[in-house]
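Chemist: All I have is the shape, not the residue letters:
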């Protein structure tokens with residue numbers, strides 16, 4: 001990857017060369033050599049990022065997050081303070097699985113502080129996971145989930161406000177985006 005301008009705090013240990021321009025890496029962060037970090041990301045204090053991790057552009061990783069091998073975070077996703085990711089359903093000391101499960105945080109998704117995400121989960125585009133939730137199953141795009149275990153509580157707009165469907169359409173009262181709900185519970189943006 002081409003050498004780009006980015007900021008690395010003097011106490012951070014950054015072993016990867018794959019860092020996009022305008023990314024900021026703050027105090028006491030450790031990033032292993034195989035990690036790929038996109039442009040304009042903000043990685044806050046006391047984070048650890050393993051080798052097989054990919055962050056898209058404009059990703060926010062708040063303080064105290066460890067991103068283990070197999071984590072994929074797409075553009076514009078937000079990870080709140082102390083979000084916990086796991087990558088092995090049957091962990092044992094010094095016993096390593098043949099492969100680790102992949103976890104995907106899709107574009108624009110937000111995960112609240114102290115949420116726990118089990119391995120092999122997909123957090124859909126623009127989904128919102130509440131603080132302290134334990135996510136044991138996939139999260140729908142634009143879905144609002146919270147609790148232990150996290151359960152579906154409704155839909156949210158790209159601007160994160162809750163939207164109410166009347167029949168099969170909904171318009172966000174805050175930003176005016178209109179959505180359509182398909183028969184498979186997938187939400188589609190139909191106009192801004």
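Modeler: Yes, it's here. Computed from a prediction, not measured in an experiment: that's the story for all the values here. Numbers count the residues shown, from 1 in each chain.

Chemist: who touches the worst-scoring helix or strand of the chain on mean pLDDT?
Modeler: Lowest on mean pLDDT, DSSP states H and E among the helices and strands of the chain sits strand 187-191, with a mean of 75. Contacts to strand 187-191, defined as CB atoms under 8 Å, 6 or more residues apart in numbering, come from residues 140, 141, 142, 155, 158, 169, 177, 178, 179, 180, 181, 182. Glycine gets a C-beta too; all of them are placed from N, C-alpha and C.

Chemist: which two from the residues you listed end up farthest apart in space?
Modeler: By the measure CB to CB, 140 and 178 form the most distant pair in those, at 18.1 Å.

Chemist: which of the two has more neighbours?
Modeler: Legend: neighbour count by other CB atoms under 10 Å for residue 140 and residue 178, higher for residue 140 (20 against 15).

Chemist: how near is the residue of the chain lying at maximal distance from its centre to residue 154?
Modeler: The C-alpha centroid of the chain is most remote from residue 167, which lies 30.3 Å away (CA atoms, centre = their mean). Distance from residue 167 to residue 154, counting by CB to CB, to the nearest Å: 16 Å.

Chemist: can you check residue 5 too?
Modeler: Residue 5 sits 41 Å away from residue 154, taking CB to CB as the criterion.
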